[in-house]
Structures are given as C-alpha cells and as structure tokens.
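Trainee: Quick one: sequence plus predicted model below, questions after.
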2 protein chains.
Amino acid sequence: MQELEERILTEGVIRPGNVLKVDGFINHQCDVDLFDRMGAEWARLFAGRPVDKILTIEASGIALASIAALHFGRVPVVFARKSVGKNLDGDLYHAVVHSYTHGVDNNVIVERRLLNPGENVILIDDFLANGAAIRGLLEICDQAKVNVQGIGIAVEKGFQTGGHDLRAMGYDVQSLAIVQEMDADTGTIRFA
Amino acid sequence: MQELEERILTEGVIRPGNVLKVDGFINHQCDVDLFDRMGAEWARLFAGRPVDKILTIEASGIALASIAALHFGRVPVVFARKSVGKNLDGDLYHAVVHSYTHGVDNNVIVERRLLNPGENVILIDDFLANGAAIRGLLEICDQAKVNVQGIGIAVEKGFQTGGHDLRAMGYDVQSLAIVQEMDADTGTIRFA
C-alpha cells in the first residue's frame, strides 16, 4: 500500500536491533484516517472470504482491527488479553507469546465463549517480524476450532522469518507494507 | 444512551466486589457497530468544542477512542502506554495509575512529541469508577499543557466517586451509561 510505505519513509525511525518505530502514526498515536483506508484495503484483499470475527492482540492491534472491522460487515473484534485480571474469570483459551520488544513471556488469553467452533476469523496486527504474536493467536484459533480466513498485517519485516513461515504453512498473509531491508546507520528503508 | 443501557442489562454480568463484566461487547469482544453509535453520541454531546486529539489508555479504551475519533473530524488518537518498552525511548510524560482490577501500580506514559501545548483533547475510556485512570491521563495533560475539552466514558459507576470528583473539578464528563446501583446477589442493575 503506497500511502503506508510513504508514511513509513517519512515518519518511521530506525533504531539499532532492527527496531522500526512507527509510533507517531500506528502504535502510540493512531492516524485513524489512514487506518480507515488500511481497513478498506484489507477488505479488498480478503474479498469473498466469509468473516464472522476479527481477532487481534492488545494493545497495538486493537485500533487497526476495530476500524478494519467496519469494512468487514461490522463484525465483532475480539482482542486477546495479555494477563488474567480479576474480571476475566471462566474458561479461557491461552497461549504463551514471547515479546522480543519487552523481553518477557506473556500469557495471552481469550474467553472461550467469544470464539466458537466453525467461525471464520481474520487476524489483524500491526507488526509481523518473527511471528510470535500471530502464532500465539493461531494456537488459540486452533484450540477454538475456528477457521482462519486470513492474516492482515500493517508492517511486515520481510527480513525476519514470520511471514515466510506463515505463508509456508498455507496462511493467506496480507501485509500492507513489507520492509525488506533497513539500515539504522543510514536511515534507509527498502520495501519488497 | 438507551441502547448501551439495554446491552448492559441483557449482557452485563455482576460479580462480587462491584465488578461489572461487559467483556462480551465492550472490553474483550468489541461491538464496533455499537461503538460507532457511541462515537456519534459523544460527538453530539461535545459538539462545538474544538478537538485536536483523542487521548485514551491501553487497552480497553483504544477501540472506543479509535472509532469515536472518526466522528471527531478523524483526529489522531493517542493511547497512553502502561510500561516502557525498548522502542519507547525519548522524552516521556508519565503518571502512576493504580489498577484496582489487577491490584498493581502501572507507570503510564505518553511520548512528549505526541501532545503539544495548547492542543484541545477529549479523553475517552471504557469505565469510570474511582477515576484513577482518568486522573493519570489528566496528570499527563497537565504536564503537556493541553486543554481538556471533555471526558467521554462508556460506563460510569455512579456509586463510586470518580465521576462526582471530576465534575466537581470542573470537567465536562459525559458518561453514556451511569450505573447507580448493582447487586451481585440478585443480578439487578439500576441506572441513574
């Protein structure tokens, strides 16, 4: 998606350790007008697929998934939560997701009653690098016996293995921007 | 907002300790179609006020704030983050917010460059009980010298002091549903 690539070029900041900061418009401040066009683009890319729910993971995926859902027949959005609080009782699906950004393992949970066997689900998240978060969501989808109709990603790091691995497993991964190379020293980014 | 009250009556679950679970449609699964009407209602309630940004706090406020922002001239949404990760460097505003739900203190942060002196901000969150989260956001707004034009809440617990205190401080708090009484034993809810 050209508009997204241009925003990454003008506003993205590369940090050592393959960190790409896009928190000025994607995951700390959210450009909802851009998100609306990104949602429309995912709806175009996944056109024809049945969609009962959008599944994402807190916190950065929620704004993208919620606005995208308006383009998928206004289906509900379920966001996986990262810890079990007092008012998340009952039966839970759960998976362990390692956060490379924060250096911790997160217990990711979804209440069982929110995902029902046979439902058609699109996964949406802001970043795909090694794929840890998405694999956690897929583990939950497997437990819930829902059909994963596609995976929508804002920014894929094409030089890490997540996207390759998920596509090799047969998933329809649609990334709106794929960063193929980036260089913290020169500040250059090359898209796929 | 009658539709929201009806949903709380039909789908809300009361737990001991004044916990009202609305995670089937507000804060674990999100009914984006309802959120769209809630956003329109906040826009009506705050009509005439200048709004440059919506400010919320992760995670449950994000979906509400993002869809609401589409009704406030598609202004950006900034969500305060609950911890400092590796790619949130730079100058930060921060406040400490005690979570009564999870029993912990969270360090809540916003990058300085995302809030600029003189900007007009609406705060949005899912719940208002004792007001700890909103007071944390107000502390950040004070540090940033932005103008708080209003506070939009989905569900206020009117039997706790947060709403009263904020209104006494002069803030325009617009709660779409105010629960005045609830009883875990009988499952009854009375709205203000």
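Mentor: Structure's in. What do you need?
Trainee: Now do the SS call for the residue nearest the centre of chain A.
Mentor: Centroid-nearest residue in chain A, with C-alpha atoms, centre = their mean: residue A:125, separated by 1.2 Å. Here residue A:125 is strand, with the state taken from DSSP: H, G, I helix; E, B strand; the rest coil.
Trainee: And for the one 5 residues further on?
Mentor: Secondary structure for residue A:130, judged by three-state DSSP, is coil.
Trainee: for it, what are its contacts?
Mentor: Residue A:130 makes contact with A:100, A:160-162, according to C-beta atoms under 8 Å, 6 or more residues apart in numbering or on different chains. The C-beta positions use only the backbone N, C-alpha and C, and glycine is treated the same way.
Trainee: If we use 6 Å, what do you get?
Mentor: A:160, A:162 (C-beta atoms under 6 Å, 6 or more residues apart in numbering or on different chains).
Trainee: pLDDT score assigned to it?
Mentor: pLDDT, residue A:130: 95.
Trainee: who in chain A is up against chain B?
Mentor: A:19, A:21, A:29-33, A:58-59, A:62-63, A:66-67, A:69-70, A:74, A:76-78, A:85-87, A:101-102, A:114 (C-beta under 6 Å from any C-beta of the partner chain).
Trainee: For residue A:121, give me its contacts.
Mentor: A:53, A:55, A:146, A:148.
Trainee: JSON lines for these, including neighbour count?
Mentor: JSON lines is the format used below for the contacts of residue A:121 (neighbours: other C-beta atoms under 10 Å in any protein chain shown):
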{"residue": "A:53", "neighbour count": "22"}
{"residue": "A:55", "neighbour count": "29"}
{"residue": "A:146", "neighbour count": "19"}
{"residue": "A:148", "neighbour count": "19"}
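Trainee: and the nearest residue to residue A:25 once chain neighbours are set aside, how many neighbours?
Mentor: In this structure, residue A:25 finds its nearest non-sequential neighbour in residue A:31, 4.3 Å apart by C-beta to C-beta, 6 or more residues apart in numbering or on different chains. The tally of other residues near residue A:31 (other C-beta atoms under 10 Å in any protein chain shown) stands at 22.
Trainee: in terms of contact, does residue A:31 touch residue A:23 like I think?
Mentor: No - look at residue A:31 against residue A:23 with C-beta atoms under 6 Å: they stay out of range, at 11.2 Å.
Trainee: I'd like to know the average pLDDT value across stretch A:47-63.
Mentor: Rounded mean pLDDT across stretch A:47-63 is 97.
Trainee: For chain A, which segments are assigned as strands?
Mentor: A:13-15, A:19-21, A:29-30, A:53-57, A:77-80, A:92-99, A:104-111, A:120-128, A:147-157, A:173-183, A:188-191 (DSSP state E).
Trainee: Looking at those strands, spot the one closest to residue B:167.
Mentor: Residue B:167 sits nearest to strand A:29-30 of all these, at 28.4 Å, using C-beta to C-beta.
Trainee: For the contacts of residue A:121, work out which two are farthest apart.
Mentor: Largest pairwise distance in the contacts of residue A:121, by C-beta to C-beta, is 10.9 Å, between A:53 and A:148.
Trainee: What distance do you get for residue A:35 to residue B:18?
Mentor: When distance is defined by C-beta to C-beta, to the nearest Å, residue A:35 is 35 Å away from residue B:18.
Trainee: Neighbour count: the two, which is higher?
Mentor: Neighbour count, other C-beta under 10 Å: between residue A:35 and residue B:18, residue A:35 has more, with 25 against 14.
Trainee: any idea how far residue A:93 lies from residue B:42?
Mentor: Applying C-beta to C-beta, the value for residue A:93 to residue B:42 is 33 Å.
Trainee: next one: residue A:171
Mentor: Distance from residue A:171 to residue B:42, by C-beta to C-beta: 37 Å.
Trainee: Those two - which one has more neighbours?
Mentor: residue B:42 (26 against 18).
Trainee: Quick check: closest non-adjacent residue to residue A:16.
Mentor: residue A:184 is the one closest to residue A:16 (C-beta to C-beta, 6+ apart), at 4.9 Å.
Trainee: sorry, that was for residue A:92
Mentor: Nearest one to residue A:92, counting by C-beta to C-beta, 6+ apart, is residue A:109 at 4.5 Å.
Trainee: Give me the neighbour count for that neighbour.
Mentor: Residue A:109 has 19 nearby residues by other C-beta under 10 Å.
Trainee: Specify the beta-bridge partners of it.
Mentor: Taking DSSP bridges as the rule, residue A:109 bridges to residue A:81, residue A:94.
Trainee: my read: it touches residue A:97, true?
Mentor: No - with contacts counted by C-beta under 6 Å, residue A:109 stays clear of residue A:97, the gap being 10.6 Å.
Trainee: Might you list the low-confidence residue ranges for chain A?
Mentor: For chain A, the stretches with pLDDT under 70 are A:84-90.
Trainee: Now with 50, please.
Mentor: For chain A, the stretches flagged by pLDDT under 50 are A:86-87.
Trainee: how close does the residue nearest to residue A:92 sit to residue B:28?
Mentor: Residue A:109 is 9 Å from residue B:28, by C-beta to C-beta.
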